[in-house]
Each structure stands twice: as C-alpha cells, then as structure tokens.
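1. got a predicted structure here, sequence first:
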Amino acid sequence: MKKSTLILVILCFVIFSAKSQIAITSASMPGSGDTIRYSSSIPNGINFASTGANYFWNYSTLTMQRQDLYEYKAALQTSYSFYFLGLNKYGLKISDSIGVGTFQFKDVFNFFQKTTTVFKTEGIGFKYNNIPLAGYYSDDDELYQFPLNYLDRDSSNFAFSVTIGTGISYSQRGYRINEVDGWGSIKTPYDSVACLRLISTSYGIDSINFNGFGFSFPNIQRSYKWLSTTEKIPVLEISGQYQNNNFNPNQVRYRDIYRSVVGFQNYYNTNESIIYPNPSNGLFTVYLTENKSGVVNLIDLTGKLIYSSTCNPGINSVDLNNINLSKGVYFISVLDNMKTILLQKKLVIE
C-alpha cells in the first residue's frame, strides 16, 4: 500500500512538472500582420539576477514611462520588398529616422524570417536620400533556436555588412549565446503567465570604414527575456551592455495593454511640445508633436552641457538619476536636425 502511494505521488509530481514547464516553438513568435503593444519602464533597481526552476518573478510594480507598438509587416508590404523576397519574411519598423544631417537614415526596418527550427534576423532596410537601400546578414543572426526548453543552451555566428555608396561601410561579426536558466511564472502590470527565462548575449565586433580608413570596436549586448507561448513578444525584456562580466541595463520593455501616462493624458492631443512634470525629481517626459524629432540637451547655469539624447515624435522618457545631478535650476532645449529650437524651458530638479 505504501509503495503504491509513493508511485502515485511520483506520477503526480511528474505530471505537474510536465504541465508547468512550457516549451517555446516558432508558433510562439510574431508573424506578418501582428500588432503588439508594449510599455517601457526605467531599469533602475530592477532585479534580473534571481532565477531557477519553478520560480515566480514578480514585476507587478513596474511603472510605465511610455508605450509603443511592434507592427510586423510582410516584406512585400514595405519599401524594401526587392531586397527581401520570399515567404515568412517580414519587417519591423524600428525608427522613423536615425542619424543627423548628411548621415541621416529614414524609415528604418529590421527584417526577420521564422521557420520551424529558427527565428532569425536577415537584414535591415533604410532610406538614404529617399532611396530604399538594404544591408544583409551573410550569416543570419539566429535570435532563437526551437524548441526552447529549460536548461537549453545554443550558440550561433552572425555576420552583417552594409555599404551606403558614399565610401562608407559598416559591418559586424560575432556570435550569440542563448541560455534558458529558469522556468515558472511571471507577473507584470499586464498579466501573470507561465514562462521560460532566457539570457541572450551577443558578442560582436563592429567595424566602420570611410574611404579606406577604418576602425573597429567591441559591441557586447545582453538581454534577459521572459518568453511565453501566448504573447508573441517577451512578456518582459531587460536589455543593455555587457562589459567585464557586468550587465548595465538601459532598457525595460514589457507586453501591455493601452494605458494613459499618469498626469499626462490631457496632453496627448496637444499641438504644443512640452516637458512634464516640471519641477522634476530627475525623471520626466519630453512630449514632441507629430513629425517632430531632435536632440534634448540639459545645460547648467554655467553653460556646461550635462546631458544629451535623441527624442522622437510623441512621448520620450528621460532619467537623470544615474548622472548624480544636483538639485537646482537647469536649462533644457530640444533642437531638430537643422538646429532649430523645438522646445526651450527652465527645468527645476528637486
């Protein structure tokens, strides 16, 4: 009798474990026509180290700073269909504009392909002087290899190059290592779902060549991703640079529904670019009206440039808490690519 009871207990445990541990397949990946909303948060103080088997990750207190959409389009529906022919190839727009002046690239897309065994990046499409161009991976970057299960580990090489046609070329070579180091469930402001936790590290060497003169530099990026079978994109993704065995997160994104920014919803339809809140504790939002983009600069009372970053149309989050900014009055301005002032204010840091 005792032996039978023990066997039943073991069987129940095996059945429970089998149901609890999910596997990620190509069916869990996005495809052409998918439109998926996500929210961005500030990475300060977020715990990415804890993991394990049957683990519960609680990120329900994440605070949304801005929202955006992933919109996956069939390659044939983009301006770069000539470069990315074939089934199951689709693009994701990553920026309206990158760079400034002579070196400005518009309508920038990443292009992907998924099969039953792999989800990979095939290249990038962009417009230079309004001409659609593309850069290719001669060795595709395999973002995921299927099926993904707990304790899986895989590696793959990648090689990418692009020539603008003005004597400038860029290339990257390297390898990616993926490790599934946890399974369980995750709770975010969006939902609570079963997941696998994946660490993906890209070890790249970037090279730039200009009319025969070139230089190279390391580019190591790491992402912690919580993957589910239902949401198409990571339920949560924490990404940043990985140097000297240290991970420095600079971006947090999580699957979400539409939400209004607290205290900011009345400004969504405004025709005026604004900064909110002001005074600020070092964390604030720069809102630029439609079709406006540029660079936000923060200057102290002596005229010294303290902080600078790019801004896109809509809601942009700025976090100054990692630069040890003193309390006081500063000047903040947003300049477009022609150095025209889009916004200029005094900013009080409390």
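-> Looks like it came in fine. Numbers count the residues shown, from 1 in each chain.

2. can you give me the neighbour number for residue 169?
-> By other Cβ atoms under 10 Å, the residues close to residue 169 number 17. C-beta here means a position set from N, CA and C on the backbone, and glycine is covered the same way.

3. oh sorry, the question was meant for residue 62
-> Residue 62, neighbours per other Cβ under 10 Å, totals 19.

4. what's near enough to touch the residue nearest to it when sequence neighbours are not counted?
-> With Cβ to Cβ, 6 or more residues apart in numbering as the criterion, residue 62 has its nearest non-adjacent residue at 4.6 Å, and that residue is residue 41. For residue 41, the contacting residues are 62-65, 252-254, taking Cβ atoms under 8 Å, 6 or more residues apart in numbering as the criterion.

5. now residue 41: phi and psi?
-> Residue 41 has phi and psi values of phi -130, psi 170 when expressed as degrees, to the nearest 10.

6. pLDDT score for it?
-> Taken from the predicted model, the pLDDT recorded for residue 41 is 86.

7. beta partners of it?
-> residue 252 (DSSP bridges).

8. could you list the low-pLDDT ranges of this protein?
-> Screening the chain residue by residue with the criterion pLDDT under 70, one finds the ranges 1-19, 99-103, 165, 260-272, 290.

9. show me the domain layout of it.
-> For the chain, automatic domain parsing gives the domain ranges 26-255, 265-349.

10. now, of those domains, which is deepest in the fold?
-> Sort the domains of the chain by mean neighbour count, taking mean count of other Cβ atoms under 10 Å, and domain 26-255 sits at the top with a mean of 17.

11. ends of that one, what's the gap?
-> With Cα to Cα, to the nearest Å as the measure, domain 26-255 spans 18 Å from end to end.

12. again with stretch 164-172
-> Terminal residues of stretch 164-172 lie 15 Å apart, using Cα to Cα.

13. next: stretch 25-36.
-> Across stretch 25-36, the terminal residues are separated by 18 Å (Cα to Cα).

14. now that stretch, how far from the chain's geometric center?
-> Here the centre of stretch 25-36 is set off from its chain's centre by 16 Å, with Cα atoms, centre = their mean, to the nearest Å.

15. over to stretch 77-94?
-> Mean-position distance between stretch 77-94 and its chain equals 20 Å (Cα atoms, centre = their mean).

16. ditto for stretch 58-70
-> A distance of 12 Å separates the centroid of the chain from that of stretch 58-70, by Cα atoms, centre = their mean.

17. which residues of the stretch 1-150 of the chain fall in strands?
-> 35-41, 55-58, 66-74, 89-100, 103-114, 118-128, 131-145 (DSSP state E, counting those that start in this stretch).

18. ok so, going back, out of the domains of the chain, which is closest to residue 20?
-> Ranking the domains of the chain by distance to residue 20, with Cβ to Cβ as the measure, places domain 26-255 first at 6.5 Å.

19. which residues in the stretch 201-350 of the chain form strands?
-> Along the stretch 201-350 of the chain, the stretches classed as strands by DSSP E, counting those that start in this stretch are 213-227, 236-243, 246-255, 274-276, 283-288, 294-299, 305-311, 314-319, 328-335, 341-349.

20. who touches the first one?
-> This means strand 213-227. For strand 213-227, using Cβ under 8 Å, 6+ apart, the contacting residues are 24, 28, 48, 57, 148, 172, 174, 186, 195-208, 234-243, 247.

21. pull the contacting residues for the residue lying closest to residue 311 once chain neighbours are set aside.
-> Distances taken as Cβ to Cβ, 6+ apart put residue 296 closest to residue 311, at 5.0 Å, once the chain neighbours are dropped. Residue 296 makes contact with 286, 307-311, 316, 318, 332-334, according to Cβ under 8 Å, 6+ apart.
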